[in-house]
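[1] Build me a model from this:
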Amino acid sequence: MKVGNLQFPRNAADKPLALSPDGKFLSAKDIVTREFGRGSLGSLDAGQQKKLTLKRYEMEPDFKLGIFGVGLLTKAEVIQEIKEETDFGQLVVQVEMGYCTELLSSLTGKAEKVASMPTVPPVKRVPTLPPYKPVTPAKKCILIPMKTRAVFCENTTDSITKDFAAYRIAKVHPAFASRGFTVIPLTGVNDDRAHFVPQALSSLTVYLGGIGHGNATTYTGHSNSPILQVGHYAAAEVAGKAIHFLSCQTAIALGPDTVAKGALCYAGYNANFTFVGDTPGTPVNEKELFMIADSRFDIWMACGLTADQARTATIAAFNAGIAMVPGTVAASWLTYDRDHFKLLGNVATKILPVRMVKVCFPLMSLESENALVSLGELVD
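    So this is what the prediction gives:
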């Protein structure tokens, strides 16, 4: 049903969006047919906000709410959390009021163009590595082209993250491969620190990404084993790299710590990443909207755009997802995740699929000679 300039899913247009001065529920359809102050939700007391949130959740079709690091909650369990005013129940009310306020503004304000999903920019692949290039003949130096690497720590063994990991492997990894990066996926039992460290320490690694659980100080892999933890990793593991982890809270302390240790930029969330599972029979896969939005950062970076452009595309993808399911629980939590997505460090960061290694002769150390010999064979 179309209300204002938004196409609402079935039943969403009937859900209450606000309260009238005499305490009656007002739906989106009611809002667009009468005068309504934009700041009205801010005047509601805690009891009224709880009442409005409960009614909206009760009218929502059955769903499951996933929280990285916590698990899955059913509709009935979320409603019980709201009723009991637990910490999470109070957060649900805050999230719902934040989204309803934003939706009210769009319905009562000047009609604007509905947000659309950003189109993936064209990828200019590096088909073959360029030939060795002399630098200064007088010094007998050459530049040797080397493909750079993107290392992905994807938690494929956890019930909450595995679908997101599968999406990333199908959509994000090929974006890097098609540009010419060497893609190194750490999945299954290999998604751990022991396999991560040697790849991260390589000077050819320019991007670190993946999905896993986490908290303010730690990003984890298989069986929640720490991969990066404040105070427990070397600066060389992150220095000179762009990083994006889809996990809970890591932008609070881990992200700033990596930037302080030399990471070019860090993109992540400063709250628990929360998503809604797909509702069978609906025209839009709600869960996939969360996957699409977050992965935009990785894909834009793979295409050679700046971190700031990648952030802008990510926010635009969240907004497009919100506009595709207005009035729903999915829209509320897409708004929440969008507002807690943060980019730290140098916003002008770009990554390239090829770097040049400069080698000058004569070699100045036995170690350099041994390394060069190991790459080929001796001939007379």
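[2] Go ahead and confirm residue 103 touches residue 332.
    No: between residue 103 and residue 332 there is no contact under CB atoms under 8 Å: 9.2 Å. Heads up, the C-betas are built off the backbone N, CA and C, glycines and all.
[3] Now the residue nearest in space to the middle of the chain: closest residue in space that isn't a chain neighbour?
    For the chain, the residue sitting closest to the mean C-alpha position, by CA atoms, centre = their mean, is residue 294 at 3.1 Å. Of all residues not flanking residue 294 in the chain, residue 246 sits nearest, at 5.1 Å (CB to CB, 6 or more residues apart in numbering).
[4] ok, now residue 270?
    Residue 270 sits nearest to residue 251 (CB to CB, 6+ apart), 4.2 Å away.
[5] Contact partners for that neighbour?
    266-270, 340, 342, 344 (CB atoms under 8 Å, 6 or more residues apart in numbering).
[6] Now the longest helix along the chain: buried residues?
    Determined from DSSP state H, the single longest helix within the chain is helix 87-108. Residues of helix 87-108 classed as buried: 88-93, 95-97, 99-104, 106-108 (neighbour count, 16 or more other CB atoms under 10 Å).
[7] Likewise for stretch 355-370?
    residue 359.
[8] so where does the residue nearest to residue 347 when sequence neighbours are not counted fall, helix or strand?
    Excluding the flanking residues, the one nearest residue 347 by CB to CB, 6+ apart is residue 308, at 3.8 Å. If you go by DSSP states H and E, residue 308 is part of helix 307-324.
[9] Show me what the following helix or strand past that helix is packed up against.
    Next helix or strand after helix 307-324 toward the C-terminus (DSSP H and E): helix 329-339. If you count contacts as 3 or more CB pairs under 8 Å, 6 or more residues apart in numbering; DSSP states H and E, helix 329-339 packs onto helix 87-108, strand 274-276, helix 286-302, helix 307-324.
[10] For the shortest one, which outside residues touch it?
    It refers to strand 274-276. Contacts of strand 274-276 (CB under 8 Å, 6+ apart): 63-68, 286-287, 290, 328-330, 333, 336-337.
[11] ok, those vs residue 366, which is closest?
    Residue 366 lies nearest to residue 68 out of those, by CB to CB, at 49.5 Å.
[12] That closest one contacts residue 220, doesn't it?
    No: contact between residue 68 and residue 220 fails when scored by CB under 8 Å: they sit 10.2 Å apart.
[13] what about these two, which has more around it?
    The neighbour comparison of residue 68 against residue 220 (other CB atoms under 10 Å) goes to residue 220, with 26 against 23.
[14] what about the closest residue to residue 201 other than its chain neighbours, how many neighbours?
    In this structure, residue 201 finds its nearest non-sequential neighbour in residue 236, 5.6 Å apart by CB to CB, 6+ apart. Applying other CB under 10 Å, we find 15 residues neighbouring residue 236.
[15] any idea how far residue 236 lies from residue 251?
    Distance, residue 236 to residue 251, using CB to CB, to the nearest Å: 22 Å.
[16] now do residue 198
    26 Å.
[17] remind me which residues of the chain are low pLDDT?
    Scanning the chain for pLDDT under 70 picks out 35-40, 42, 109-112, 114, 123-139.
[18] Tell me how it divides into domains.
    Taking automatic domain parsing as the reference, the chain has its domains at 2-108, 133-355.
[19] Could you tell me the end-to-end distance of the shortest one?
    This points to domain 2-108. 14 Å (CA to CA, to the nearest Å).
[20] Residue 359 is in contact with residue 142, correct?
    Yes: if you go by CB under 8 Å, residue 142 and residue 359 touch, sitting 5.6 Å apart.
[21] follow-up on the earlier one: could you point out which of the helices and strands packed on helix 329-339 sits nearest residue 353?
    So among these, helix 286-302 is nearest, using CB to CB, at 8.7 Å.
[22] so what's residue 154 up against?
    165, 168-169, 185-187, 191, 210-212.
[23] ok, 7 Å please
    165, 168-169, 185-187, 191, 210-211 (CB atoms under 7 Å, 6 or more residues apart in numbering).
[24] And residue 332, how close does it get to residue 291?
    17 Å.
[25] My error: substitute residue 113 in the last question.
    Counting by CB to CB, the gap from residue 113 to residue 291 is 24 Å.
[26] Which of the two has more residues huddled nearby?
    Shown here are residue 113 and residue 291; by other CB under 10 Å, residue 291 has more neighbours (24 against 7).
[27] Now that one. Nearest residue, chain neighbours left out?
    residue 167 (4.3 Å).
[28] What about that neighbour, how many residues nearby?
    19.
[29] Name the helix or strand for it, please.
    Using DSSP H and E, residue 167 falls in helix 162-179.
[30] what's the following helix or strand after that helix?
    strand 182-186.
[31] The helix or strand that that following strand is followed by to strand 182-186, inter-axis angle?
    Stepping forward along the backbone from strand 182-186, the first helix or strand reached (DSSP H and E) is helix 193-201. Orientation check (axes from the mean of the first three to the mean of the last three CA atoms, to 10 degrees): helix 193-201 against strand 182-186 gives 160 degrees.
[32] and helix 193-201, what does it pack onto?
    Counting contacts by 3 or more CB pairs under 7 Å, 6 or more residues apart in numbering; DSSP states H and E, helix 193-201 packs against strand 149-154, strand 182-186, strand 226-229.
[33] Could you name the helices and strands sitting against whichever helix or strand comes after the last one?
    Right, the one you point to is strand 226-229. On the C-terminal side of strand 226-229, the closest following helix or strand by DSSP H and E is strand 242-246. Strand 242-246 sits against strand 205-211, strand 265-269, helix 286-302, with contacts defined as 3+ CB pairs under 7 Å, 6+ apart.
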